[in-house]
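Enquirer: Sequence plus predicted model, see below.
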Amino acid sequence: MEHEGGRFRRKHLVPLPAVESLAELNERMAAIDVAEDARHIHGRPTSIGFDFEAERDRLRPLPADDYDCGIDLSPTVARNSRITVRQCYYSAPAKFIGAKVRVKLRANELWVFDGRKVVARHPRLTRRYTYHDPLDHYLEILLAKPGAFAGASALAQARAEGGFTKVHEAFWAAAKTRAGDREGTGC
């Protein structure tokens, strides 16, 4: 088993693959897995995939309960409504500013909890000092500081990701025209 793990790593993961996301890495690994099924081990007349199918009925069933492979952390929500996890920044709802929250860090995502309730879900960030700020987490702040919306990093990110659509832009422009820049931004 250890020999095969080392062989797989040397053959497929050295040098480390350059990927943009964990999803892309998972897709590559799935393609490699399919290719490995057709491989023949020296001296064996059948492929790895064929041998696996022959042994499949002898395997024990998977456990009924999901295995929780994430880790629990307890960061404090900073005054900018962000938590820091592994040198990356994730927003949390503004009402948690100054409080410690429970975070479940998984391979592909990060969950923020209030007790047992999930209050924020983020894709796992892989580059240091990057951030993920959904606009929803800043709505409470905008009620108190409506003029801050135009320069908000969450707005820039929503625009870049396509979450702040042309319809949102038109609504915002109409609100500013009707009520002025400061008051129109708070609508």
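Expert: In hand now; what should we look at?
Enquirer: Do you have the strands of the chain handy? List them.
Expert: 71-73, 82-85, 88-91, 102-105, 109-114, 117-123, 131-132 (DSSP state E).
Enquirer: ranking those strands by burial, who's on top?
Expert: Each of those was scored by mean neighbour count; the highest is strand 88-91, a mean of 23, by mean count of other Cβ atoms under 10 Å. Every C-beta, even on glycine, is put in place using the N, C-alpha and C of the backbone.
Enquirer: Now do stretch 135-148, average pLDDT.
Expert: Averaged across stretch 135-148, pLDDT comes to 66.
Enquirer: ok, now stretch 102-109?
Expert: The model assigns stretch 102-109 a mean pLDDT of 94.
Enquirer: Show me the shaky parts of this protein.
Expert: 1, 138-149, 175, 179-187 (pLDDT under 70).
Enquirer: remind me, longest helix of it?
Expert: helix 22-37 (DSSP state H).
Enquirer: any idea how far the residue sitting nearest the centre point of the chain is from residue 108?
Expert: Central residue of the chain (Cα atoms, centre = their mean): residue 123, 1.2 Å from the mean position. In this view, residue 123 and residue 108 are 7 Å apart by Cβ to Cβ, to the nearest Å.
Enquirer: now swap in residue 13 and tell me
Expert: Distance from residue 13 to residue 108, by Cβ to Cβ: 18 Å.
Enquirer: In the longest helix of the chain, which residues are buried?
Expert: residue 25 (16 or more other Cβ atoms under 10 Å).
Enquirer: close enough to count as contact, residue 153 and residue 131?
Expert: Yes - look at residue 153 against residue 131 with Cβ atoms under 8 Å: they come within range, at 7.0 Å.
Enquirer: bridging residues for the residue nearest to the centre of the chain?
Expert: residue 109 (DSSP bridges).
Enquirer: residues touching it, list them.
Expert: 21, 108, 109, 110, 132 (Cβ atoms under 8 Å, 6 or more residues apart in numbering).
Enquirer: nearest to residue 86, of these?
Expert: residue 110 (9.2 Å; Cβ to Cβ).
Enquirer: Check the gap between the closest one and residue 35 for me.
Expert: 32 Å.
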